[in-house]
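Q: Build the 3D model from these lines:
(2 chains)
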Amino acid sequence: MGTNHRRRLIHAPTWIIGLVSVAALAWSDAHADGKRFALDNPVYTAECGSCHVPYPPALLSAGSWQGVLSGLDKHFGSDASVDAQQLAELRKYLDQNAGRGRRVDATQPGLRITETAWFRHEHDEVPSATWKSGAVKSPANCPACHTAAATGDYSERGIRVPR
Amino acid sequence: MRQSVRMLALAAGFICAGAATAQTPADLQGGYEKDARQSSSAFTGFSPARGETFFKSTHGGDWSCASCHTQDPRTVGKHVVTGKAINPLAPAADPARFTDAVKTEKWFRRNCNDVVGRACTTAEKGDVLAYLMSLK
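A: Okay, the predicted model is just below:
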């Protein structure tokens, strides 16, 4: 009886450590998942991932994406036009997967992810010298720091800011 | 009867799909040559030298083909705006280049608009391809 009681006491710290670890793991997983985006449409990743990485559809509102798709022949200074069938596919995919939460501002549907309040907040610790450095050059160059951006993975562990 | 028609259509589809994936840069060049001969009786063949000049000229704008594809298209390029790496354009350095007519036409359409401000002619496309194929 006494031995059993002692054994339970000895094991208590192990249990606590175990519970804390599980909780920490669950928290970090949930946290990381918020920075991992699905890129699951081959037309999107091919047509919208040639000149830049395919940006996560969730980072702009549906209204913003429709604005982007309406001007692909003059897409930030480049002709990025696609054929009618691909355009229809992109419209459907982006409409279904556009951001709806805190990341996007549906009332002001801008065309640049980098101009959303969410993007600015997420990057407010990045010094201006880093943005201008030769290795980064443009805020559109996600993989300069987010090394796995091409697969939609923007989690903290994949960040390497070039010096 | 209906079954055999369906089988025939399926077989034809496979043959077409096979042909589409078996394109080579020389096949695409052959297509441009046919077009060029039809549109001009004065056509005497494509010129790698003319293609190189075209490739490296800015045509009165800010960019040339070389702005992104570099002065040596056998090397990895870099998108001049976004910084994204671009596979070498010369077929000698990347065997997947110019093996898909639809993809080739799509990029000529986009990039000629960006660099030259208009669609490229068949002669221009043939010259550029002749230049890229001449690089070993």
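
Q: So B:Q38: helix, strand or coil?
A: helix (DSSP: H, G, I helix; E, B strand; the rest coil).

Q: So which bits of chain B are right by chain A?
A: With CB under 8 Å from any CB of the partner chain as the criterion, chain B comes near chain A at residues B:79, B:81-84, B:109-111, B:113-114. No exception for glycine: its C-beta is placed from N, CA and C like everyone else's.

Q: what does chain A put close to chain B?
A: Within chain A, the residues that sit near chain B (CB under 8 Å from any CB) are A:50-53, A:73, A:76-81, A:136-138, A:140-141, A:143-144.

Q: Now, of the residues you listed, which are buried?
A: Neighbour-count burial (16 or more other CB atoms under 10 Å in any protein chain shown) applied to those gives A:50-53, A:78-81, A:136-138, A:140-141, A:143-144.

Q: Now do the same contact list for residue 133.
A: Because you didn't say which chain, this covers chain A. Listed by CB atoms under 8 Å, 6 or more residues apart in numbering or on different chains, the contact set of A:S133 reads A:P162.

Q: Not quite, go with chain B.
A: B:M133 touches B:25-26, B:29, B:48, B:90-91, B:98, counting by CB under 8 Å, 6+ apart.

Q: Over to A:A98?
A: A:57-58, A:60-62, A:64-65, A:104.

Q: Give me the residues contacting stretch A:70-81.
A: By CB under 8 Å, 6+ apart, the list of residues contacting stretch A:70-81 from outside reads A:47-48, A:51, A:68, A:82, A:87, A:111, B:81, B:109-111, B:113-114.

Q: hmm, 7 Å instead?
A: If you take CB atoms under 7 Å, 6 or more residues apart in numbering or on different chains as the criterion, stretch A:70-81 is touched by A:51, A:82, B:81, B:110, B:113-114.

Q: next SSE after the strand or helix carrying B:D114?
A: Using DSSP states H and E, B:D114 falls within helix B:101-115. Downstream of helix B:101-115, the next assigned helix or strand under DSSP H and E is helix B:122-134.

Q: What pLDDT is listed against the spatially most central residue of chain B?
A: Centroid check for chain B by CA atoms, centre = their mean gives B:T104 as the closest residue, at 4.3 Å. Note on B:T104: pLDDT of 97.

Q: list the buried ones in stretch B:83-96?
A: Within stretch B:83-96, judged by 16+ other CB under 10 Å, the buried ones are B:83-84, B:86, B:88-91, B:93-94.

Q: avg pLDDT for stretch B:77-91?
A: Mean pLDDT, stretch B:77-91: 93.

Q: Start and end of that stretch, how far apart?
A: End-to-end distance of stretch B:77-91 (CA to CA, to the nearest Å): 14 Å.

Q: now what about it, what contacts it?
A: Under CB under 7 Å, 6+ apart, the answer for stretch B:77-91 is A:51-52, A:77-78, A:137-138, A:140-141, A:144, B:25, B:63, B:67-70, B:73-76, B:94, B:97-98, B:132-133, B:135.

Q: pLDDT below threshold where in chain A?
A: Under the criterion pLDDT under 70, the flagged ranges of chain A are A:1-34.

Q: wait, I meant chain B
A: B:1-22.

Q: any chance you could map the helices in chain A?
A: Using DSSP state H, the helices of chain A run over A:2-33, A:42-47, A:62-70, A:84-97, A:117-122, A:128-132.

Q: Next, count neighbours for residue 128.
A: Just so you know, I chose chain A. A:S128 has 7 neighbours, counted by other CB atoms under 10 Å in any protein chain shown.

Q: wrong chain, I was asking about chain B
A: Neighbour number of B:V128 under other CB under 10 Å is 25.

Q: Can you tell me the closest non-neighbouring residue to it?
A: Leaving aside its sequence neighbours, B:V128 sits nearest to B:G51 (CB to CB, 6 or more residues apart in numbering or on different chains; 4.4 Å).

Q: and that neighbour, that's in a helix?
A: Yes. Assessed by three-state DSSP, B:G51 belongs to a helix.

Q: picking up where we left off before, now the two most distant members of the buried ones among the residues of chain A next to chain B.
A: Spatial extent of those (CB to CB) is set by the pair A:S81 and A:V136 at 27.9 Å.

Q: So what's the residue count around A:R102?
A: Under the neighbour criterion other CB under 10 Å, A:R102 is assigned a count of 9.
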